[in-house]
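Enquirer: Build the 3D model from these lines:
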Amino acid sequence: MADDFPKVNLPPQPADSADQAHCNAATLAPLISTRLVGSMGHLETQLDTLAQQQFEIHQRLLQLAHDRSVAEDRLAPFVKTLEKVPQYRDKIRQYRQRMTTASDKANDLQRRANQLRLFKIAKDQEREQFISQQQLLDQAIEAQMAPSVQATTHHPSPSTALLANTDEPSRVALPTGSSAPTPHSIASAPTSRLVEPMALPDAPIAQSPQPGQALRIKRLAGKKKSARRPLIE
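Expert: Residues are numbered from 1 along each chain as shown. Prediction:
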């Protein structure tokens, strides 16, 4: 009956525990080494993939930095212009204020020009009215003086006739019926018969005083003023 069961070859059992541990380590070493080699190969593959990805990322970062620097260089003028926008805004505000002030001054000058034009028109109307009134007054005076002027022209006064004949001596008219005077009668006639023309007083001619005379006049005027001043005790 014992011969019917298969025989199993069991490893020999060591006598003590140290020998048993050494036997177990010797048995597990090939298995552990095989698994470690496989896992190390897989890890090396993953590390290579990570290194490649890191290199690609680094290259992308370098490209981005280059593109950014190029973009900054291209945008530098625009950035400077944008930085000057507040200054431009202030200048535009100043120009707007100046234009507003100039517009107000122009409106004021236009208003004053209109006032001066209206004032000139009013003065021209007043002048024309004054001229027309003066013309009417002159016409009325001429109309009133026309008869008297005509009378004086037809019947001159004795003084006018005397002034007109001052160049020739006038003689008294002889009575009617007397004979014409002879040279002998004229010589023997009394002087009262001859009438000389009336001597008209000459108008005083204004003469400019001499320097000495002017000084003398000033001194006399000063003496008169000093004589008129009351004495102060």
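Enquirer: Where does pLDDT dip in this protein?
Expert: 1-38, 148-233 (pLDDT under 70).
Enquirer: how does it divide into domains?
Expert: Domain segmentation of the chain under automatic domain parsing yields 23-79, 84-145.
Enquirer: okay if I get those domains as CSV plus mean neighbour count?
Expert: Placement of C-beta: from N, CA and C, glycine included. CSV is the format used below for the domains of the chain (neighbours: other Cβ atoms under 10 Å):
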stretch, mean neighbour count
domain 23-79, 10
domain 84-145, 10
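Enquirer: Now for this structure: which helix has the highest residue count?
Expert: Taking DSSP state H as the criterion, the chain has its longest helix at helix 85-154.
Enquirer: just checking, what packs against that one?
Expert: Contact partners of helix 85-154 among helices and strands, from 3 or more Cβ pairs under 8 Å, 6 or more residues apart in numbering; DSSP states H and E: none.
Enquirer: Next one: Asn114 from Leu62, what distance?
Expert: 76 Å (Cβ to Cβ, to the nearest Å).
Enquirer: Could you do Thr100 as well?
Expert: According to Cβ to Cβ, Thr100 stands 56 Å off from Leu62.
Enquirer: What's the separation between Lys105 and Met99?
Expert: In terms of Cβ to Cβ, Lys105 sits 11 Å off from Met99.
Enquirer: swap in Arg127?
Expert: For Arg127 relative to Met99 (Cβ to Cβ), the value is 41 Å.
Enquirer: next one: Gln52
Expert: Counting by Cβ to Cβ - Gln52 and Met99 are separated by 67 Å.
Enquirer: Ala143 now?
Expert: Remark: distance between Ala143 and Met99 (Cβ to Cβ) = 65 Å.
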